[in-house]
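> okay, here's the prediction I keep looking at, along with the sequence it came from:
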Amino acid sequence: MDEILWEARLSPFRKGSELEAEEVERLHAGLAVLGDAIEHYEQVVGDRIPDKMPMPLQVHRREGEPCPRCGARIEAVFFSEHQMNYCPAEQTGGRVLKDRRLSRLLK
């Protein structure tokens, strides 16, 4: 999901019902990222799964690295079972979203 939203330049916290028609089109176009990743894995991995999988994705699990498009630092929001990565400059108007790990401790 990180890659699709990054490709579409949409905030990870936008509701589908809030999207404009043009944003829905960008989201739909962003779905191609999944097919590209699967194709990459089929070509690179082959029949045997290596110990370390190659990462063809641009933002997924790349917290702290520069955004490939604009150079801003990739940020992450952590949940109990997963993390969501995004580019604040392109997806949230420059806002760094609250890290769920810390907000739980501050209550």
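Arrived safely.

> against residue 20, how distant is residue 26?
Distance of residue 26 to residue 20, computed by CB to CB, to the nearest Å: 10 Å. Bear in mind the C-beta positions are built from the backbone N, C-alpha and C, glycine included.

> residue 78 too?
Applying CB to CB to residue 78 and residue 20 gives a distance of 29 Å.

> the more surrounded of the two?
Between residue 78 and residue 20, counted using other CB atoms under 10 Å, residue 78 has the larger neighbour count: 14 against 8.

> quick check on residue 32: phi, psi?
Recorded main-chain torsions at residue 32 are phi -60, psi -20, according to degrees, to the nearest 10.

> which residues of the chain score low on pLDDT?
Where the chain drops to pLDDT under 70, the residues are 46-55, 99-107.

> quick one: the strands in this protein?
Per DSSP state E, the chain carries strands over the ranges 75-78, 83-86.

> deepest-packed of these, please.
strand 83-86 (a mean of 21; mean count of other CB atoms under 10 Å).

> output the contacting helices and strands for that one.
Strand 83-86 sits against helix 2-8, strand 75-78, with contacts defined as 3 or more CB pairs under 8 Å, 6 or more residues apart in numbering; DSSP states H and E.

> re earlier: with distance to residue 16 added, can I get the strands of the chain in a markdown table?
Formatted as a markdown table, these follow (distance: least, CB to CB, whole Å):
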| stretch | distance to residue 16 |
| --- | --- |
| strand 75-78 | 18 |
| strand 83-86 | 16 |
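
> distance to residue 45 added to the helices and strands packed on strand 83-86, as a markdown table?
Listed next are the helices and strands packed on strand 83-86 as a markdown table, based on distance: least, CB to CB, whole Å:
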| stretch | distance to residue 45 |
| --- | --- |
| helix 2-8 | 18 |
| strand 75-78 | 25 |
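
> of all those, which one comes closest to residue 92?
Counting by CB to CB, residue 92 lies closest to strand 75-78 out of the helices and strands packed on strand 83-86; the figure is 8.5 Å.

> would you mind writing the CA trace of the closest one as CSV?
Taking C-alpha atoms only, strand 75-78 is exported to CSV below (Å, rounded to 0.1, in the frame of the first residue of the first chain):
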residue,chain,number,x,y,z
GLU,A,75,8.9,8.8,7.3
ALA,A,76,7.0,5.9,8.9
VAL,A,77,3.9,5.4,11.1
PHE,A,78,4.1,2.2,13.2
